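1. Task: produce atomic coordinates for the following.
(one chain, ligands or ions: 1)
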Amino acid sequence: MDIIVRDNYDELSEYTAKLIAGFVKSKPDCVLGLATGSTPIGTYKELVRMHKEEGLDFSQVKTFNLDEYYGTGIDLEKPYELDQSYARFMHEELLKHINIKAENIHIPDGLTKTPNEFCKWYEEEIKKAGGIDLQLLGIGADGHWAFNEPGSSLASRTRIQALTRQTLDDNYESFYKKAGIAREEMPHFAITMGIGTILEAKNIIMIANGLKKADVVAKCIEGPVTSQITASAIQLHSGGVTVVLDKDAASKLNSLEHYIHVEKMKQKYGL
Ligand code: PGA
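-> Numbering: from 1, shown residues only. From the prediction side, this is the model:
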């Protein structure tokens, strides 16, 4: 696992976008797993800049998003500003600004009437695409990956999941409040890829910033693997794993100095 620490959020975002762009350049038809939340917004902004200014090409890229609230989706009947769906978020923050083909975009359908069938279909689509080459992830304050709340099986697959109070509070503050939507009107369920699904991605990039993530990041990386912090499953991944943190999110890591030293040495040796 590579642990990269940057001074601030902007540098974290630039570094992460460069990693993703490098991946897209080396495999133009790659399958990217995408995440929502406040953390990746800067990364997406930088990818959009690279597309517009440097011609970063997404024309053959396929994407699969991690999750979606159940009870939302792009709903043309709904006033635009009330649509807090992750589908809307992805279009606004990234997808509508780059040259990705509509048929290559996959986001769980939060309006499906048959969620169990949908979840099976989503897993099949990931397989048909050849699996996810690079999965981008944040980490929730309760240690979740996607909407795999504490207690989710580390072998779980795409399914419907109830959201915890912590997640509802966090997402209310970050998104729903600004849109003037009452907390009790937020969706209380989501469709999410499982931890087992995520671990099958060939490469993983996890990003976190801010002091409020410092405790959970330390537990995730240096604590025991536990279904109480589903992101700790990162320790079970056998492929390329990169964790990109700002100084604040990294501040509670016991081996912080070691990680910083390793990055410097890798640069020196060209590794
Ligand atoms: P955040 O959410 O980026 O809004 O902090 C992260 C997550 O819940 O995975």
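2. isn't Lys27 right up against Asn203?
-> No: under the criterion of CB atoms under 8 Å, Lys27 makes no contact with Asn203, lying 10.5 Å away. Using the backbone N, CA and C atoms, a C-beta is placed for each residue, glycine as well.
3. if you count what's nearby, which of the two comes out ahead?
-> Neighbour comparison, Lys27 and Asn203: the larger count goes to Asn203, with 18 against 13 (by other CB atoms under 10 Å).
4. can you pull the contacts of that one?
-> Counting by CB atoms under 8 Å, 6 or more residues apart in numbering, Asn203 makes contact with 23, 133-135, 239-242.
5. just to revisit the earlier point, shared neighbours of Lys27 and Asn203, anything?
-> Contact criterion CB under 8 Å, 6+ apart; residues shared by Lys27 and Asn203: Asp133.
6. does the residue of the chain found nearest the ligand count as helix, strand or coil?
-> The minimum distance from the chain to the ligand, using CB to the nearest ligand atom, falls at Gly37 (2.7 Å). Taken by DSSP: H, G, I helix; E, B strand; the rest coil, the conformation at Gly37 corresponds to coil.
7. Surely it and Phe147 touch.
-> No: applying CB under 8 Å as the test, Gly37 and Phe147 come out as separate, 10.7 Å apart.
8. Those two: who's more crowded?
-> Neighbour count, other CB under 10 Å: between Gly37 and Phe147, Phe147 has more, with 28 against 20.
9. Could you tell me what pLDDT the model assigned to that one?
-> If you check Phe147, the pLDDT there is 96.
10. Just want the phi and psi numbers for it.
-> Note on Phe147: its backbone torsions stand at phi -110, psi 30 [degrees, to the nearest 10].
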